[in-house]
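Engineer: Quick check, what structure comes out for this input:
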Amino acid sequence: KVLNGDKSVKDSNRRAVEDAVESLGYNVNKLARSLAHKPIKIGILLPETTFGEFFVPMIRGVERIVKSLADFKVSAVYVSYSKYDNDDTLTERLDSIIDQNVDGVVLGPFHYMGLSANMLRKLQERRIPTVFVLSDLEDAQKLACVTIDAALSGKAAAELASLIVKPGETAAVFVGNKDVEEHRVKADAFVTRVNALGFSAIGVYETQEEQDLAYQLTISLLRKNPKLRLIYVATGNSVAVCRAVCDCGKEQEIRIIATDVLSDLKPYVESGLVVGILDQHMDEQGAMAVSILYQYLSEGTLDSREI
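Structural biologist: Numbering: from 1, shown residues only. Okay, here's the model as predicted:
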């Protein structure tokens, strides 16, 4: 029971077993143990790849770990969504996962307004452990969250911007949706640090992760703000922003700080339009989320709630 993570064992007995295991140098045969427990099914709810290649590495990381755990009777149910703020669709997609009797869920970022309480309540009622990826939800009951240091990302972008933006020039921030915590924290940290460094940000603009909207917002900003020098794209629409800058003939005047290393950014990096990229290691985030759920479901252990 101790080796299987059974918490009903008395502390004194647990310590005695653990001491014996350590002194004997015993290692648990995880494959043999997996044959003794029921199959583990993990539900994956992530954005569609129609967002561009932004979420492809995260899905790849999830698939990699699921495949590596196949011999341990682990499988996954993949469901996707195309909009952060479509409450009905997100609820329907989550219900479809729950109906398949999953043992745990990996939840991607979404528009956390009203929907979150109902979604998470369903998971809690069924005692389904949940791991958030990329963006957290404050005060939510969850097993763990795998994300980046959003505040540090925003500050780092501001520090880089300070090397480019001259007195009298301005910067702008593009996010997907301000109601997504990771997006809001990045933008707030960038604006706060920019002000401390002595220049200003003209605003924080929401693209809803739609490339057409990001493109049109960029065109509009460039036309209305002749002093605009730099755009920090804090989420996955860097390519659309770069394309708009070039279509306006402003590639010699504007500089972009992008998020995540995307193949479509290569020509813009080579031309000097993109001066920096803050990578979020999406592959690792997806892989770690599945690994955390598997460890908890198979062993009853959790190394950390915040990664």
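Engineer: use CA for all of it now, contacts and neighbours both
Structural biologist: Will do.
Engineer: Please report how far the residue lying closest to Leu273 once chain neighbours are set aside lies from Ile277.
Structural biologist: Sequence neighbours aside, Arg255 is the residue nearest to Leu273 in space, at 5.1 Å (criterion: C-alpha to C-alpha, 6 or more residues apart in numbering). Going from Arg255 to Ile277 by C-alpha to C-alpha, to the nearest Å gives 12 Å.
Engineer: The two: which is more packed in?
Structural biologist: Set side by side, Arg255 and Ile277 show more neighbours around Arg255, with 25 against 20, by other C-alpha atoms under 10 Å.
Engineer: Just want the most central residue of this protein.
Structural biologist: When C-alpha atoms, centre = their mean is applied to the chain, the residue found nearest the centroid is Leu134 (1.5 Å).
Engineer: residue contacts, the residue lying closest to that residue once chain neighbours are set aside?
Structural biologist: Leaving aside its sequence neighbours, Leu134 sits nearest to Thr147 (C-alpha to C-alpha, 6+ apart; 4.3 Å). Listed by C-alpha atoms under 8 Å, 6 or more residues apart in numbering, the contact partners of Thr147 are 132-136, 285, 306-307.
Engineer: Grab the two from these that are most spread out in space.
Structural biologist: Maximum pairwise distance among the contacts of Thr147 (C-alpha to C-alpha): 12.6 Å, between Asp136 and Gln285.
Engineer: Please look at the residue nearest to the centre of the chain and Ala150 and confirm they touch.
Structural biologist: No - Leu134 is beyond contact range of Ala150, at 9.4 Å (criterion: C-alpha atoms under 8 Å).
Engineer: Could I get the phi/psi values of the residue nearest to Leu273?
Structural biologist: phi -130, psi 150 (degrees, to the nearest 10).
Engineer: Distance check, Arg126 against Ser80.
Structural biologist: 21 Å.
Engineer: And those two? Which one has more around it.
Structural biologist: Set Arg126 next to Ser80 and count neighbours by other C-alpha under 10 Å: Ser80 wins out with 16 against 12.
Engineer: The helix or strand harbouring the more buried one: what's the following helix or strand?
Structural biologist: Using DSSP states H and E, Ser80 sits within strand 74-81. From strand 74-81 onward toward the C-terminus, using DSSP H and E, the following helix or strand is helix 87-98.
Engineer: What residues sit buried inside that following helix?
Structural biologist: 87, 90, 93-94, 97-98 (16 or more other C-alpha atoms under 10 Å).
Engineer: What is that helix packed up against?
Structural biologist: When contacts are defined as 3 or more C-alpha pairs under 8 Å, 6 or more residues apart in numbering; DSSP states H and E, helix 87-98 packs onto strand 40-47, strand 74-81, helix 115-125.
Engineer: Deepest in the core, which of the ones you listed is it.
Structural biologist: Neighbour counts (mean count of other C-alpha atoms under 10 Å) averaged over each of these peak at strand 40-47, with a mean of 23.
Engineer: quick one: that strand to helix 87-98, angle?
Structural biologist: Orientation of strand 40-47 against helix 87-98 (axes from the mean of the first three to the mean of the last three C-alpha atoms, to 10 degrees) gives an angle of 160 degrees.
Engineer: which other residues reach strand 40-47?
Structural biologist: Here strand 40-47 has contacts from 55, 59, 73-83, 93-94, 97-98, 101-109, 290, 293-294, 297, using C-alpha under 8 Å, 6+ apart.
Engineer: if you set the cut-off to 6 Å instead, what comes out?
Structural biologist: For strand 40-47, the surrounding residues in contact (C-alpha atoms under 6 Å, 6 or more residues apart in numbering) are 74-82, 97, 102-108.
Engineer: again with stretch 259-273
Structural biologist: Applying C-alpha under 6 Å, 6+ apart, the set of residues contacting stretch 259-273 is 234-235, 251, 255, 274, 277-280.
Engineer: ranking those residues by neighbours, who comes first?
Structural biologist: Ala234 (27 neighbours).
Engineer: Quick one: residues contacting that one.
Structural biologist: 174-175, 259.
Engineer: So what does Leu262 have for phi and psi?
Structural biologist: Torsion angles, degrees, to the nearest 10, at Leu262: phi -110, psi 140.
Engineer: how far away is it from Leu278?
Structural biologist: 11 Å.
Engineer: go on, Val102?
Structural biologist: Going from Val102 to Leu278 by C-alpha to C-alpha gives 34 Å.
Engineer: Show me where the chain has its strands.
Structural biologist: Remark: strands assigned in the chain by DSSP state E are 40-47, 74-81, 104-107, 130-134, 144-147, 170-175, 200-206, 228-233, 255-259, 274-278.
Engineer: The fourth one: how far from the chain's middle?
Structural biologist: Read it as strand 130-134. Between the centre of strand 130-134 and the centre of its chain there are 7 Å (C-alpha atoms, centre = their mean, to the nearest Å).
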